[in-house]
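Undergrad: after the sequence you'll find the predicted model.
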Amino acid sequence: MKRIVLGLSGGVDSAVSAVLLKKQGYQVDAVYLECWHEPGCRAEGDRQDALQVALQLDLPFQVLNFKKPYREKVMQYFLDEYQAGRTPNPDVMCNKIIKFGLFYDWAMKQGYDAIATGHYAKADGQFLYVPKDKIKDQTYFLYQIRQEQLAHVVFPLAELTKQAVRQLAHQAKLPVADKKDSVGICFVGDINVPKFLAENLGTKPGKIVDEHGNILGQHRGLWFHTVGQRHGFNYDKKKYAQLNPILHKDELPAMYVIDKNIKANELVIGPKQATRVKTLHVSNLHLLGLTQAELFKRTDLRVRIRHTGQLTDCEIKKMGNRYSVKLKQLVEGVASGQSAVFYTYEKAGRCLGGATIN
């Protein structure tokens, strides 16, 4: 009998995963990963819910304290990236550092055959695939999983939709059957990001300019904004209309963040079409199940630049220390620091890995 340790988060997905693993005959232990415990977060309630599920299902249960490494390696990365003018992806980093880093390494040292999580993803021991529920698909956040880990990872929800998971939770009379899904940052929850950034980074006022450098207003700090953002800034509409006399005052376009000039501390805004690009530059390429040479030769590549975002046909080439991704169609709101994750056309929807957008 295989020994599996399950990351029991206190939510319905990992709880149903526990039910499924037991039915499949695994010897299941449960672990709650404690990573963040600040005022306003739901960690205490989640831990109690996880314990209640473990007690109901008769699972050995323990808590692993990862608060220090989470703060130092995930949340500090989150702040550093914003301060550098980029848009971080903390869920990708959380999976890499915590769930498939510290938790996975701990489990292997304890002699478990595999770890299991409530992610909506699919793995066959060699490759990572899109799950049945395409809307809940979390492979975008999992692309940095290590190749050798795929033989020791189980995703029990691979063939289930969220609706089916809820139904199974009710059938099993789980105490979290109707619990709302967690949102926001991994382990932190739905925090007020601007307030969190202000508390940790302060403010650094600068100019808001258009594509030509004309001053239209003032921002509080570049870290409060990301490319593609439509709200959260004010600009002089009268001046913009004067600079663009071809536009009627009632026909001014909605304005978006199109760039951040870090050196000049300027926030660049413009109409929606200015956020569209057909080429990305990426670095830190991480691949699953194929070499770079094999990736470059593929003619069935698609890329996703945000979680649940559109899949766009593309091709990728190496250019020095980085890579150029040519898109078959324009995409909007490409933000530096976010992830570009690659997939194939094959029916199963194989995830090939990804990279960081420059």
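TA: Everything's here; your move.

Undergrad: please, which helix or strand holds the residue nearest to residue 325 when sequence neighbours are not counted?
TA: Once flanking residues are discounted, residue 325 sits nearest to residue 280: 4.2 Å by C-beta to C-beta, 6 or more residues apart in numbering. Every C-beta, even on glycine, is put in place using the N, C-alpha and C of the backbone. Assigned by DSSP states H and E, residue 280 belongs to strand 276-287.

Undergrad: buried residues in that strand, which are they?
TA: 277, 280, 281, 282, 285, 286, 287 (16 or more other C-beta atoms under 10 Å).

Undergrad: sorry, back to before: touching, the residue nearest to residue 325 and residue 357? I think so.
TA: Yes. The pair residue 280 / residue 357 is scored as a contact, 5.9 Å apart, by C-beta atoms under 8 Å.

Undergrad: and for those two, which residues touch both?
TA: Listed as contacting both residue 280 and residue 357 by C-beta atoms under 8 Å, 6 or more residues apart in numbering are 305, 334, 340.

Undergrad: what's the pLDDT at the first one?
TA: Looking at residue 305, its pLDDT is 94.

Undergrad: and it, how far from residue 36?
TA: From residue 305 over to residue 36 the distance is 27 Å, taken as C-beta to C-beta, to the nearest Å.

Undergrad: neighbour count: these two, which is higher?
TA: Neighbours were tallied for residue 305 and for residue 36 using other C-beta atoms under 10 Å; the higher tally belongs to residue 305 (26 against 20).

Undergrad: span of stretch 330-340 from start to end?
TA: Stretch 330-340 has an end-to-end distance of 15 Å (criterion: C-alpha to C-alpha, to the nearest Å).

Undergrad: do stretch 340-352 as well
TA: With C-alpha to C-alpha as the measure, stretch 340-352 spans 11 Å from end to end.

Undergrad: how close does residue 217 sit to residue 208?
TA: Distance from residue 217 to residue 208, counting by C-beta to C-beta: 4 Å.

Undergrad: hey, what's in contact with both of those two?
TA: Common contact partners of residue 217 and residue 208 (C-beta under 8 Å, 6+ apart): 233, 235.

Undergrad: ok, those two, which is more surrounded?
TA: Neighbours around residue 217 and residue 208, counted as other C-beta under 10 Å, are more numerous at residue 208. The numbers are 21 against 16.

Undergrad: name the helix or strand for the more buried one, please.
TA: Using DSSP H and E, the element containing residue 208 is strand 206-209.

Undergrad: direction included, what does that strand pair against?
TA: strand 215-219 (antiparallel), strand 266-271 (parallel) (DSSP bridges).

Undergrad: so what's the gap between it and the chain middle?
TA: The chain centroid and the centroid of strand 206-209 are separated by 29 Å under C-alpha atoms, centre = their mean, to the nearest Å.

Undergrad: burial of the residue lying closest to residue 117 once chain neighbours are set aside, as a residue count?
TA: Excluding the flanking residues, the one nearest residue 117 by C-beta to C-beta, 6+ apart is residue 7, at 4.7 Å. Look at residue 7: counted by other C-beta under 10 Å, it has 23 neighbours.

Undergrad: identify the bridge partners of residue 7.
TA: Applying DSSP bridges, one finds that residue 7 bridges with residue 31.

Undergrad: show me the contacts for it.
TA: 14, 31, 32, 33, 99, 103, 115, 116, 117, 118.

Undergrad: what helix or strand is residue 133 on?
TA: Following DSSP H and E, there is no helix or strand that holds residue 133.

Undergrad: mind listing what it touches?
TA: By C-beta under 8 Å, 6+ apart, residue 133 lies in contact with 120, 157, 160, 161, 162.

Undergrad: residues contacting residue 355?
TA: Neighbouring residues of residue 355 by C-beta under 8 Å, 6+ apart: 282, 283, 284, 285, 286, 323, 339, 340.

Undergrad: please report the distance of it from residue 180.
TA: Noted for residue 355: a distance of 33 Å to residue 180, by C-beta to C-beta.
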